[in-house]
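Novice: attaching a predicted model along with its sequence, questions to come.
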Amino acid sequence: MPREAVSENSRVALRIRSEDKAVIMRAVALAQTDMTDFILRTALREAHSVIEEHENVKLTQRDSRRVLDLLENPPAPNAKLRKAARALPKLP
């Protein structure tokens, strides 16, 4: 059964193979830092990269022009869109 998160604890525990720890320790020594700082900086850099990749949409130049064209010249609403609009609650 998973444990509940403890709000006043900012610790993170990792279980890693000894070979992986040795690689990290070597990198820590070469970077002349401590393990906490090294792991935190590396994890945060990767976390920001993953977040950016999932939150930003990258379009080709052709797709960008298509989106702008659709915004400036939207197609007429089809039957499904009209039905969905009728199903919206009426505002007071």
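Specialist: Now that the structure is in, tell me what you want to look at.
Novice: now what about the helix or strand in which R26 is found, what contacts it?
Specialist: Under the criterion of DSSP states H and E, R26 resides in helix 18-31. Helix 18-31 is contacted by residues I16, D34, M35, F38, I39 when judged by C-beta atoms under 8 Å, 6 or more residues apart in numbering. (Each C-beta comes from the backbone N, C-alpha and C, glycine too.)
Novice: now the longest helix along the chain: mean pLDDT?
Specialist: Ranked by residue count under DSSP state H, the longest helix found in the chain is helix 35-55. The average pLDDT within helix 35-55 is 96.
Novice: CA atoms only for that helix - export them in CSV, please.
Specialist: Coordinates of each C-alpha in helix 35-55 appear next as CSV, following Å, rounded to 0.1, in the frame of the first residue of the first chain:
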residue,chain,number,x,y,z
MET,A,35,25.3,14.4,-4.7
THR,A,36,22.2,16.3,-3.6
ASP,A,37,23.0,19.3,-5.7
PHE,A,38,24.0,17.2,-8.7
ILE,A,39,20.9,15.0,-8.6
LEU,A,40,18.6,18.0,-8.0
ARG,A,41,20.1,20.1,-10.8
THR,A,42,20.0,17.2,-13.2
ALA,A,43,16.4,16.2,-12.3
LEU,A,44,15.1,19.8,-12.5
ARG,A,45,16.7,20.3,-15.9
GLU,A,46,15.1,17.2,-17.2
ALA,A,47,11.8,18.0,-15.5
HIS,A,48,11.7,21.5,-17.1
SER,A,49,12.5,19.9,-20.5
VAL,A,50,9.6,17.3,-20.2
ILE,A,51,7.2,20.0,-19.1
GLU,A,52,8.2,22.3,-22.0
GLU,A,53,7.9,19.4,-24.4
HIS,A,54,4.3,18.6,-23.2
GLU,A,55,3.0,22.1,-22.7
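Novice: list the buried residues of it.
Specialist: Neighbour-count burial for helix 35-55 flags F38, I39 (criterion: 16 or more other C-beta atoms under 10 Å).
Novice: could you say what helices and strands that helix packs with?
Specialist: Taking 3 or more C-beta pairs under 8 Å, 6 or more residues apart in numbering; DSSP states H and E as contact, the helices and strands that helix 35-55 lies on are helix 18-31.
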